[in-house]
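Asker: Predicted coordinates and the sequence they were generated for:
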Amino acid sequence: MDIARLVLDSTDIELASQLGKPKLVGPVGREVEVALVFTDIVEYTAMADALPAYDVVHLLNRFFARTTTLVEDHGGRVDNYIGDAVFAVFGVEGNPDPALGAVRSGLGILAIADDLTSYLERIYGMDFRVRVGVHFGEVLFGVMGAGSAARETVIGDAVNVASRLESANKEIGTSIL
């Protein structure tokens, strides 16, 4: 279902003016069922404290590049990098079976982490582990933000659930939920 906002004042007129910009879905957006994946690096702060900043950036970019490729190969898109976390969305473009793509990506991200552990062990004697949360639900997909920072993203309780699932791994000793 597409949702539009009433234009009531000058601020609304400015927001509504984003309609014609490329890749923007409109001033509010549309409700859509998607699969969501949150990842977070286990003990990232300790790792960042122990390594030179240059190496941390190198490692993060290595992880982000491989994760982004994996997500895209499974029909998703990285919505955001949040510190050491990756947030990906599957299904906003109407791809078939977004839940399967999200689960396969989550499992693939664990494999990427295993490979990065081999890389880190050789250099620093450290491991690289991640936690993954996967959820399927309804979100609002639309343009958020203002000016040059405005971009398409998703919001809704399903996003919160995916984030909480990632965090719950820590409490119950798992890597993916």
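Answerer: Okay, I see it. Numbers count the residues shown, from 1 in each chain.
Asker: quick one: secondary structure of the nearest residue to residue 74 once chain neighbours are set aside?
Answerer: Counting by C-beta to C-beta, 6 or more residues apart in numbering, residue 74 lies nearest to residue 101, which is 3.8 Å off, once chain neighbours are set aside. From N, CA and C alone the C-beta is placed, and that goes for glycine too. Of the three states, residue 101 takes helix under DSSP: H, G, I helix; E, B strand; the rest coil.
Asker: Read off the pLDDT value for residue 101.
Answerer: Model confidence at residue 101, given as pLDDT, is 97.
Asker: That one: neighbouring residues, count only.
Answerer: Look at residue 101: counted by other C-beta atoms under 10 Å, it has 22 neighbours.
Asker: same thing with residue 118?
Answerer: 10.
Asker: repeat for the one 5 residues further on
Answerer: For residue 123, the neighbour count with other C-beta under 10 Å is 10.
Asker: how near is it to residue 52?
Answerer: 11 Å (C-beta to C-beta, to the nearest Å).
Asker: For the strand of greatest length in the chain, name the packing helices and strands.
Answerer: In the chain, with assignment by DSSP state E, the single longest strand is strand 130-144. On a contact count with 3 or more C-beta pairs under 8 Å, 6 or more residues apart in numbering; DSSP states H and E, strand 130-144 meets strand 29-41, helix 98-124, strand 151-155, helix 157-172.
Asker: in the last one, what counts as buried?
Answerer: Along helix 157-172, the positions that meet the burial threshold by neighbour count (16 or more other C-beta atoms under 10 Å) are 158, 159, 161, 162, 163, 165, 166, 169.
Asker: Looks like residue 133 contacts residue 86 (just checking).
Answerer: No. Shown here, residue 133 and residue 86 do not form a contact pair, counting by C-beta atoms under 8 Å, at 11.1 Å.
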